[in-house]
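Student: Sequence below, structure please.
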Amino acid sequence: MKPMVRRRALAPIAALALVVLAWIVLIHSSILQNNAFTFLRGERSKAARSLRFHPVKDSKNGTSYVFMSQIQDTNRTGVPEFFYFNTSASSRVLCFRGNSTRDGTKNLYAFAEQHVPGDALLLPGTTLVSDSHFDFANPWHSMYNLIQFVHWRMDSRCQRSDRMLIFHRGEIRHDLGAWIRSVLDSNGVTTGVDTMRYHPEGRVVCFQRAVVSRRGIGGVSGAVLRDLFEQVRCRTRQWCGVGSGVNDDDTTVRVALVARERGRAFVNLSDWKHAVKLVCEVRPHCQWSVVWFSALDFCSQVKLMSTTDILVSVHGAQLTNMIFMNPGSRILEAFPQGWLQLAGNGQFIYKHLADWAGLGHEGYWRDGGTAKCPMDSSSPGQCFSLHYKNKPVGINSTFIVKWLAEVLSNFSCTARASLTKQECKCSVEPGADDRLS
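Tutor: Take a look at the predicted model:
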């Protein structure tokens with residue numbers, strides 16, 4: 001019986017030894033796995049280091065900068081400038097690293113010529129990339145830097161994209177303004193902005209396909225822009241359920257006086273309303289109204305513009321809504337004092353937009369009643385930005401009444417261009433998917 005007792009006494013010791021041995025094997029295996037992981041991670045990092053990265057903001061020329069300067073300009077003639085990656089035009093894959101919202105030199109890009117690094121995140125589909133000197137909230141600035149993607153979509157057999165990557169002077173931006181978001185949504189261009197926030201700062205992110213735009217609609221010919229804005233108007237009205245707003249036999253002329261809050265408002269809105277009323281009272285079939293765009297949702301703005309023949313407004317981003325007016329409509333624009341001498345070419349942007357949208361720009365009213373700048377005359381930039389830029393706009397009632405009366409007398413309802421009866425390009429039924437494989 002003694003051997004049996006001895007074996008029973010040894011059993012716990014053996015079990016403990018097996019547990020210890022199992023722990024040793026487990027720890028050893030874990031060490032091997034960690035070593036293997038470290039090795040693989042090192043190999044992948046080595047592959048990532050094989051890419052040659054450049055800052056998206058190249059400031060070698062002093063205060064000015066070039067966005068993605070390693071991309072060579074194309075020999076385009078009158079059309080928007082696009083650069084294509086991993087498409088029939090180029091086999092290179094575009095990759096990014098960094099997600100700084102404050103320093104564009106910390107956001108980097110590279111081209112994968114042969115393969116995507118093993119530790120890179122490869123995002124499928126098509127990514128649209130754009131940079132702006134200004135912001136993506138202001139309707140004019142955002143339109144100027146993003147509306148070209150509607151042209152890209154029409155030119156690529158109505159292809160749709162999967163995401164958008166936007167930069168402000170090379171700095172990542174996370175949001176689009178509500179106005180431009182609605183315009184792009186209505187024209188089938190993605191408004192899903194990739195923030196890059198979910199990517200670790202050092203991780204490489206590559207795009208299966210990418211389309212890069214550096215200059216918005218800069219350099220695009222008037223003919224191309226007129227076709228572009230005709231389609232934007234058509235698609236946006238269709239999306240909002242808005243027609244032309246007028247009948248072919250409608251002889252009513254509709255005047256809208258745009259009121260603004262805060263900067264560049266009218267000194268006395270009542271005086272402006274009275275001037276418009278005087279003109280409309282002596283013109284048969286003339287209707288007028290005061291408009292506050294800030295009180296209207298997007299489609300209400302589109303509907304209003306579709307029924308407006310003459311738009312009277314102070315210079316400002318709200319004038320971008322003119323792209324939804326009927327061709328042949330008229331624009332009257334007002335400025336505070338100081339703009340003519342100090343604002344440069346930027347003061348003429350809505351005259352250009354009117355031409356691109358097929359409208360008539362009837363000139364300017366420039367208020368001369370603002371007090372002179374109290375600053376040193378050697379600082380014209382400060383005088384403009386701090387004193388003149390957002391001053392309220394006064395009125396010379398005699399001039400405004402005569403000006404508007406002349407525009408009304410020369411406006412013919414029969415000259416109001418009818419919108420084409422054909423369907424808009426790249427029309428998509430609600431819920432349909434027109435992505436290209």
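Student: Provide a list of residue ranges in this structure with pLDDT below threshold.
Tutor: The chain contains residues with pLDDT under 70 at 1-49, 60-63, 88-89, 114, 200-201, 244-249, 376-377, 414-422, 427-437.
Student: Domain boundaries for it, per the record?
Tutor: Following automatic domain parsing, one finds the domains of the chain at 54-220, 244-415.
Student: Please convert these to TSV, extending it with distance to E230 and mean neighbour count.
Tutor: C-beta here means a position set from N, CA and C on the backbone, and glycine is covered the same way. Converted to TSV, those look like this (distance: least, CB to CB, whole Å; neighbours: other CB atoms under 10 Å):
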stretch	distance to E230	mean neighbour count
domain 54-220	11	18
domain 244-415	7	17
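Student: Looking at these, spot the one closest to C234.
Tutor: Comparing the domains of the chain by their distance to C234 (CB to CB), the top pick is domain 54-220, with 9.3 Å.
Student: residues touching G363, list them.
Tutor: For G363, the contacting residues are 332-333, 403, by CB atoms under 8 Å, 6 or more residues apart in numbering.
Student: I meant A354, not that one.
Tutor: 322, 331, 360-361.
Student: quick one, strands of the stretch 101-250 of the chain?
Tutor: Here the stretch 101-250 of the chain has its strands, by DSSP state E, counting those that start in this stretch, at 108-112, 121-132, 163-168, 171-173, 204-213.
Student: For Q341, find the nearest of these.
Tutor: For those, the distance to Q341 is smallest for strand 121-132, at 27.0 Å, taking CB to CB.
Student: Can you add distance to V232 and give the domains of the chain back as CSV?
Tutor: Output for the domains of the chain, formatted as CSV (distance: least, CB to CB, whole Å):
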stretch, distance to V232
domain 54-220, 6
domain 244-415, 6
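Student: Next up, phi/psi of the residue lying closest to S50 once chain neighbours are set aside, please.
Tutor: Nearest residue to S50, sequence neighbours excluded (CB to CB, 6 or more residues apart in numbering): P117, at 7.1 Å. The phi and psi values for P117, taken as degrees, to the nearest 10, are phi -50, psi 150.
Student: my guess is P117 contacts V205, does it?
Tutor: No - counting by CB atoms under 8 Å, P117 sits too far from V205 to count as a contact (10.5 Å).
Student: any residues in contact with both of those two?
Tutor: C95.
Student: surely C280 meets K273?
Tutor: No - contact between C280 and K273 fails when scored by CB under 8 Å: they sit 10.5 Å apart.
Student: Can you work out which residues contact both of those two?
Tutor: With CB under 8 Å, 6+ apart applied, the contact sets of C280 and K273 do not overlap.
Student: Among the contacts of G363, which lie within strands?
Tutor: If you go by DSSP state E, the contacts of G363 have 332-333 in strands.
Student: Out of the contacts of G363, the closest to E113 would be?
Tutor: Using CB to CB, the contacts of G363 come closest to E113 at E333, 50.4 Å.
Student: just checking, L257 is part of a strand?
Tutor: Yes - the assignment for L257 by DSSP: H, G, I helix; E, B strand; the rest coil puts it in a strand.
Student: Distance check, it against E406.
Tutor: Distance, L257 to E406, by CB to CB, to the nearest Å: 17 Å.
Student: Please, where are all the helices along the stretch 151-300 of the chain?
Tutor: 178-186, 222-240, 269-281, 298-306 (DSSP state H, counting those that start in this stretch).
Student: Which one of those helices lies nearest to P392?
Tutor: Proximity to P392 (CB to CB) singles out helix 269-281 among the helices of the stretch 151-300 of the chain, at 9.9 Å.
Student: what's next to that closest one, contact-wise?
Tutor: Outside helix 269-281, the residues that touch it by CB under 8 Å, 6+ apart are 255, 257, 259, 266, 286-288, 290, 312, 395, 397, 400-401, 404-405, 408.
Student: Kindly recompute the last result at 7 Å.
Tutor: 255, 257, 259, 266, 286, 288, 290, 312, 395, 397, 400-401, 404-405, 408 (CB atoms under 7 Å, 6 or more residues apart in numbering).
Student: Please report the distance of P336 from T307.
Tutor: 29 Å.
Student: I meant to write L176 there.
Tutor: Counting by CB to CB, the gap from L176 to T307 is 27 Å.
Student: R235: neighbouring residues, count only.
Tutor: Residues lying near R235 (other CB atoms under 10 Å) number 24.
Student: What's the separation between it and M154?
Tutor: R235 is 10 Å from M154, by CB to CB.
Student: Now the residue nearest to T74 when sequence neighbours are not counted: which helix or strand?
Tutor: Distances taken as CB to CB, 6+ apart place E81 nearest to T74, at 5.8 Å, with adjacent residues excluded. Under DSSP states H and E, no helix or strand contains E81.
Student: isn't E81 right next to I217, touching?
Tutor: No - if you go by CB atoms under 7 Å, E81 and I217 don't touch, sitting 9.6 Å apart.
Student: so V302 sits right up against C240, yeah?
Tutor: Yes - if you go by CB under 7 Å, V302 and C240 touch, sitting 4.7 Å apart.
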